[in-house]
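Novice: Predicted model follows, preceded by the sequence.
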Amino acid sequence: DLPLSIRRQRQMCIRDRSCSTPSETTKTEKAKLPSGDYFGLTVGTTAEMFAKGIVSREFQELNAVFSPDGNEFYYTIAVPNRKFYTIVFYKKNNNGEWEGPEVAPFSGSYADADPSFSSDGNRIFFISQRPLDDSTTQSKDFDIWAVKRTETGWGKPYNLDFLNTKANEFYVSTTDAGSIFFSAQYKDAIGRSDIYEARQSDDGIVSIENLGEAINSPTGEGDPYVSPDGNMMIFMSWGREDDMGGGDLYISFKKDGKWSKAKNLGSKINSNQFEYCPMMSPDGKYFFWTSYRTSNYNSPNPRSYEELESRLNGTDNGLGNIYWIDAKVLEEFRD
């Protein structure tokens, strides 16, 4: 035990802080919040990690969804084994500063991912493994859900039961005309997973159409982003002959009611790793996606444990980050 005199001295220091150094008593200044459109950032025609250290961090981030008014930003964080997903968000305060991140008020209990906004900003679509009602806490397959904006925030999520089946449904994109695009793992698919369009007629009848071989292939497709006018689609596919790596992003345009044969988006966007979760900014200026790209782990000199730990705890650890680029690069693929 410490001598009584030293114990009493420590007690006095704790009580009146008479022994504190200036560094101990100086109040830490709050970090300045990012402000402005797109967190005050811009990007050119070379792909860059989006909001490094703010959004793209040491975690596994995916999705990149701005509200139509540009004042909210939603994305997903996955655990490393991708068995659980949580939707989180940033929001501008009255000073135009981005506050967050916080777990979305409709997420956090079950696996939730793939948020997307309706054109008017009053609904968010997402996928979830949550049970259909409160009678159980048992997770189910991935279904498409939606949540409506209310005067006090977001309401209670509801299941789009006219779309969902006992198979998995993923990644929703909606158009101004009311079409809902999504990917699903159905038994009658062209590949392991295909992209579908759902339409609802004035009398409430829902038709669901496989988009066919211009979009879908025997290998598999997913994550369709469709422009609000319904005339451009970007999606993920893997295993095609022109695949650059573990899965690439492809683009197709609708002309005279038909989708053009999809084209690989090339090396400006794709890498030798997995690319997915395409999304345009609401003003059409920027294109976002998620990538597993990372720099080489090999090193001519062996790393120390501290150096290895620093790499694993950094953004460049291979878990995936959100990237963005000027959307002008997409125009070269238009026929």
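Specialist: Structure's in. What do you need?
Novice: For Asp112, list the residues it contacts.
Specialist: 76, 85-87, 104, 106, 126-130 (C-beta atoms under 8 Å, 6 or more residues apart in numbering). (Each C-beta comes from the backbone N, C-alpha and C, glycine too.)
Novice: Repeat that for Glu48.
Specialist: 323-325.
Novice: Counting only strands, which of these make the cut?
Specialist: 323-325 (DSSP state E).
Novice: Export those to TSV and append columns for distance to Ser118, pLDDT and neighbour count.
Specialist: Formatted as TSV, these follow (distance: C-beta to C-beta, whole Å; pLDDT from 0 to 100; neighbours: other C-beta atoms under 10 Å):
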residue	distance to Ser118	pLDDT	neighbour count
Tyr323	25	98	22
Trp324	22	98	23
Ile325	25	98	21
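Novice: From those residues, pick the one nearest Glu221.
Specialist: Tyr323 (20.2 Å; C-beta to C-beta).
Novice: Could you list the low-pLDDT ranges of the chain?
Specialist: In the predicted model, the chain carries pLDDT under 70 at residues 1-31.
Novice: Any buried residues in stretch 288-304, and which?
Specialist: 288-294 (16 or more other C-beta atoms under 10 Å).
Novice: residue boundaries of the helices in the stretch 1-150 of the chain?
Specialist: Residue ranges of the helices in the stretch 1-150 of the chain, as given by DSSP state H, counting those that start in this stretch, are 4-16, 22-25.
Novice: In this structure Ile54 contacts Leu33, no?
Specialist: No. Contact criterion C-beta atoms under 8 Å: Ile54 and Leu33 do not qualify, at 9.5 Å.
Novice: doesn't Gln273 make contact with Gly246?
Specialist: Yes. Contact criterion C-beta under 8 Å: Gly246 and Gln273 qualify, at 5.5 Å.
Novice: if I look at these two, which residues touch both of them?
Specialist: With C-beta under 8 Å, 6+ apart as the test, Gly246 and Gln273 both reach Tyr292.
Novice: circling back to that earlier point, can you add neighbour count and distance to Ile269 and give the contacts of Asp112 back as TSV?
Specialist: Converted to TSV, these look like this (neighbours: other C-beta atoms under 10 Å; distance: C-beta to C-beta, whole Å):
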residue	neighbour count	distance to Ile269
Thr76	27	20
Tyr85	23	23
Thr86	18	26
Ile87	24	24
Ala104	21	27
Phe106	21	31
Phe126	27	24
Ile127	27	24
Ser128	23	28
Gln129	18	30
Arg130	22	33
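Novice: from these, which ones fall inside strands?
Specialist: 76, 85-87, 126-128.
Novice: wait, which of the residues you listed is closest to Phe235?
Specialist: Proximity of those to Phe235 (C-beta to C-beta) peaks at Ile127, which lies at 15.5 Å.
Novice: and the closest one, what is it in contact with?
Specialist: 112-114, 142-145, 169-172 are the contacts of Ile127 under C-beta under 8 Å, 6+ apart.
Novice: Could you tell me how far it is located from Lys140?
Specialist: Distance of Ile127 to Lys140, computed by C-beta to C-beta, to the nearest Å: 11 Å.
Novice: Distance of Leu160 relative to Ser116?
Specialist: Counting by C-beta to C-beta, the gap from Leu160 to Ser116 is 13 Å.
Novice: Looking at those two, which is more packed in?
Specialist: Ser116 (22 against 17; other C-beta atoms under 10 Å).
Novice: any idea how far that one is from Phe181?
Specialist: 10 Å.
Novice: so what sits against both of those two?
Specialist: By C-beta under 8 Å, 6+ apart, the residues touching both Ser116 and Phe181 are 172-174.
Novice: can I get those in a markdown table with neighbour count and secondary structure?
Specialist: Shown next, in a markdown table, are the shared contacts of Ser116 and Phe181 (neighbours: other C-beta atoms under 10 Å; DSSP: H, G, I helix; E, B strand; the rest coil):
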| residue | neighbour count | secondary structure |
| --- | --- | --- |
| Val172 | 26 | strand |
| Ser173 | 28 | strand |
| Thr174 | 21 | strand |
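Novice: Which residues in stretch 198-216 does the neighbour count mark as buried?
Specialist: 198, 210-211, 215-216.
Novice: what's the closest of these to Gly257?
Specialist: Using C-beta to C-beta, those come closest to Gly257 at Leu211, 12.2 Å.
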